[in-house]
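K.L.:
I would like the atomic coordinates for the input below:
(one chain, ligands or ions: 2)
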Amino acid sequence: MSAAHLPLFWVVIPAAGIGSRMRADRPKQYLQLAGKTILEHTLDCFLGHPQLKGLVVCVAGDDAYWPDLACSTDPRVHRADGGSERADSVLGGLRELTRLGASDGDWVLVHDAARPNLAVTDLNHLLETLADDPVGGLLAVPARDTLKRADADGRVQETVDRSVIWQAFTPQMFRLGSLREALADALGSGVAVTDEASALEWAGHHPRLVEGRADNLKITRPEDLQWLEQRWKS
Ligand SMILES: Nc1ccn([C@@H]2O[C@H](COP(=O)(O)OP(=O)(O)OP(=O)(O)O)[C@@H](O)[C@H]2O)c(=O)n1
Ligand SMILES: C[C@](O)(CO)[C@H](O)COP(=O)(O)O
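P.N.:
Ligands and ions are numbered 1, 2, ... in the order given. I've put the predicted structure just below:
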């Protein structure tokens, strides 16, 4: 099915983390998966989309790996300096989009470099669902397991009602101006922002949850990469 009916969009890829939980010899976004780096797989999903306007990759100032990737010379791909936290990196990427001439009313999708298994069907479902949404939203997965709230000692305090609990994934899709300002305001107020939606929530909005595939996982620990390697081999 053609994608021409879907909205045009920009992308920001936070890729400036060190991957400490991965315990690898390099930042996890540069680990190999099926012959390419995790970051290259992540970018491929967007670089192959006809509605992409441009893409900013936020990398650490001392990142020596990025210039070696072929995609770093793609004219649609731009580099921005990452920051100390993921949210700082994202804000730097949003400000770079504005510098590049993106309009405040343009859609921007923020997607973790560490999520290389995003399905194009999920990307298109997100774009179609939110094309006319007044706020924006995110790919997410309803909780599947029984969930417990614990105390500091790891003792169960209660079983949470999982019918209203979702896991937030990425891409997260918002208008450039509202996301950039909400993120800047939240960070300026010392609010802990672990995803883009929480900045919009802090600003009083209610982003839409768009159900996606559970295998759009974030490569966080060694077993995550092992699982995906096996999955892609089969
Ligand atoms: N200062 C930071 C921290 C993280 N990220 C990016 O945000 C995404 C999700 O973060 P996470 O999975 O936590 O990556 P790391 O911070 O690298 O992992 P860790 O917490 O294990 O160090 C990753 O693509 C990571 O590169 C970023 O751009 N800037
Ligand atoms: C943005 C995110 O992937 C949504 O689940 C998550 O918040 C990133 O958290 P991290 O600790 O920076 O990996």
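K.L.:
So what's the residue count around the residue nearest to Trp66 when sequence neighbours are not counted?
P.N.:
Leaving out its chain neighbours, the residue that sits closest to Trp66 by CB to CB, 6 or more residues apart in numbering is Val59, at 4.8 Å. Where you see a C-beta, it was placed from the backbone N, CA and C, and this is true even at glycine. When neighbours are counted by other CB atoms under 10 Å, Val59 registers 26.
K.L.:
who in this protein is up against ligand 2?
P.N.:
Contacts of the chain with ligand 2, taken as CB under 6 Å from any ligand atom, map to Arg86, Asp112, Ala168, Phe169, Thr170, Thr194, Asp195, Lys218.
K.L.:
sec struct for the third one, please.
P.N.:
Just to be clear, that refers to Ala168. Assigned with DSSP: H, G, I helix; E, B strand; the rest coil, Ala168 falls in the strand class.
K.L.:
Same question for the second one.
P.N.:
Secondary structure for Asp112, judged by three-state DSSP, is coil.
K.L.:
Ramachandran angles for it?
P.N.:
Taking degrees, to the nearest 10, you get phi -60, psi 130 for the backbone angles of Asp112.
K.L.:
For it, the count of nearby residues, please.
P.N.:
When neighbours are counted by other CB under 10 Å, Asp112 registers 24.
K.L.:
OK, contacts around it?
P.N.:
By CB atoms under 8 Å, 6 or more residues apart in numbering, the contact list for Asp112 reads Ile13, Pro14, Thr42, Thr170, Lys218.
K.L.:
so of those residues, which ones are in strands?
P.N.:
When DSSP state E defines the strands, the subset of the contacts of Asp112 inside them is Ile13, Pro14, Thr170.
K.L.:
Neighbour count for those - can I get that in a markdown table?
P.N.:
Supplementary listing: the ones in strands among the contacts of Asp112 in a markdown table, determined by neighbours: other CB atoms under 10 Å:
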| residue | neighbour count |
| --- | --- |
| Ile13 | 29 |
| Pro14 | 29 |
| Thr170 | 26 |
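K.L.:
and of these, the nearest to Gly188?
P.N.:
Nearest to Gly188 among the ones in strands among the contacts of Asp112, counting by CB to CB, is Pro14 at 18.8 Å.
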